[in-house]
Structures are given as C-alpha cells and as structure tokens.
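Q: no sequence on this one, just coordinates:
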C-alpha cells in the first residue's frame, strides 16, 4: 500500500494544535464554585482561555477545509454534511467565547458593586455559566460529533485511512456524544471523572490520528 503525506502533515499538525488549544482554553476560575468573583480576580486567565478557544475554532476550520476536497469525490453528500456540521460546531464555539466574555464582565461588575448579596447577581451569573457549559460541552460537541460521523464514513468510502483507525474514531465520538447528551439532561457534571473518562477515547484517537497523518499520510493507491 502506498501512502501520500501531501496535505496530511498539515492536517495532522492542525489536529495537534486544536488538541493543545482545547486544553489551554480551560479556565479553572470559570469552573470554580466561587466563579462569580474569581473570574474577575483572574481576568487574564479568562482572556487567554477565550483566545485559545478562538484558535481552536481556526484549527477546526482549517482541518475541514483540507479534508473536504479529499472526501467529496466518492461521498459528496457526506462531505457536505461533515463540512456543514463542523462549521455549525465552530459557530457554537464562538458563541461560547462570547458568553465567557459576558461572564468576565458580570464578575467585574459584581466586584465593582462590592459583591452585593442580592439573588439576582447569583442567579444571572449561574444562568450565564450553565448556558456556556451547555453550549461548549453539550450542543457544540454534538454538532462536532455529527460532523465527525459524516467525515469518518466518507473516509471509509474513500479508503483514505485504515478502517481500524476510523472505527476507533467512530466509537470515541459515540462516547463523547453520549457524555454531551448526559450533560444536556443534567445527569452528568462537566467537572467530573466520568465526563473525562467518556471523552478520553476521543482524545487518544485524535493524538493517534494526528501522528498517523504526519508520518504515514493518506492512502492513494
């Protein structure tokens, strides 16, 4: 079997980049129980998290733009579905960035008014935080998962990667989507060992896929 590394290396490095950006987009102050004042006290942490989340969106777009012409030949509808769902996920990710900025402003205002005890402050803050969690860890992951299912199926039809590797991605995506559904129904917390374990197969798959694309590339014969 002959492999080609044309474009695949760039896709592989982008996958690595999105993985690292995703890790760096975590803001511990936002996930803390005392977030309403910790976010303002750690404002730079939130700004950096937003920047890395934006960078992750850029990597997501670049990955799909490079994948699209390679999978549309034998699976044009699946390629279009993968493209559409991936950019829907990017849109939701950007909305999460806006909500992160809104949380930062709300926290700063909370401190500026000497941490008032009114329920409205806590209620609005919790609403913003939970909305961001539902978008980032629920709807965005589901949109990304739908796009990945279409992408992996198209890759199988085009035989660009080994079937065993793609099936690992399909299984991992299934676990990640299930975790997101549990988040949406509030049956699972974002900061929990179960949530991390359910997303671990996807994380491992992304690292393996990126390494494969960099050093082996796509099948072309």
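A: Nice, thanks for sending it over. What you see is a predicted model, and the numbers here were worked out from it, not measured in a lab.
Q: Now the helix or strand hosting residue 37: buried residues?
A: Using DSSP states H and E, the element containing residue 37 is helix 35-41. Within helix 35-41, the residues that qualify as buried by neighbour count (16 or more other Cβ atoms under 10 Å) are 35-40. To be clear about C-beta, it is placed using only N, CA and C from the backbone, and glycine gets the same treatment.
Q: Contacts for stretch 187-194 next, please.
A: By Cβ atoms under 8 Å, 6 or more residues apart in numbering, the residues outside stretch 187-194 that reach it are 31, 133, 137, 179, 182-183, 195.
Q: ditto for stretch 86-103
A: Residues outside stretch 86-103 that contact it (Cβ under 8 Å, 6+ apart) are 27, 30, 35, 39, 46, 49-50, 53-54, 56-57, 60-61, 63-64, 125, 128-129, 131-132, 135-136, 139-141, 143-144, 147, 151.
Q: Now that residue 49 has come up, it's in contact with residue 25, right?
A: Yes - applying Cβ atoms under 8 Å as the test, residue 49 and residue 25 come out as touching, 5.0 Å apart.
Q: and the helix holding residue 37, what other elements does it pack with?
A: Identification of packing neighbours for helix 35-41 by 3 or more Cβ pairs under 8 Å, 6 or more residues apart in numbering; DSSP states H and E yields helix 28-31, helix 76-112, helix 119-134.
Q: so which of those comes closest to residue 201?
A: helix 76-112 (18.6 Å; Cβ to Cβ).
Q: Tell me how far the closest one lies from the chain's centre.
A: With Cα atoms, centre = their mean, to the nearest Å as the basis, helix 76-112 stands 10 Å off its chain's centre.
Q: Please spell out which residues along it are buried.
A: In helix 76-112, counting by 16+ other Cβ under 10 Å, buried: 78-79, 81-83, 85-90, 92-93, 95-97, 99-100, 103-104, 106-107, 110.
Q: mean confidence for it?
A: Mean pLDDT, computed over helix 76-112, is 97.
Q: rewinding a little: tabulate the helices and strands packed on helix 35-41 (JSON lines), appending distance to residue 157.
A: As requested, the helices and strands packed on helix 35-41 are arranged in JSON lines below (distance: least, Cβ to Cβ, whole Å):
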{"stretch": "helix 28-31", "distance to residue 157": "40"}
{"stretch": "helix 76-112", "distance to residue 157": "7"}
{"stretch": "helix 119-134", "distance to residue 157": "34"}
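Q: For residue 125, list the residues it contacts.
A: Residue 125 makes contacts with 35-36, 103, 106-107, 110, as judged by Cβ under 8 Å, 6+ apart.
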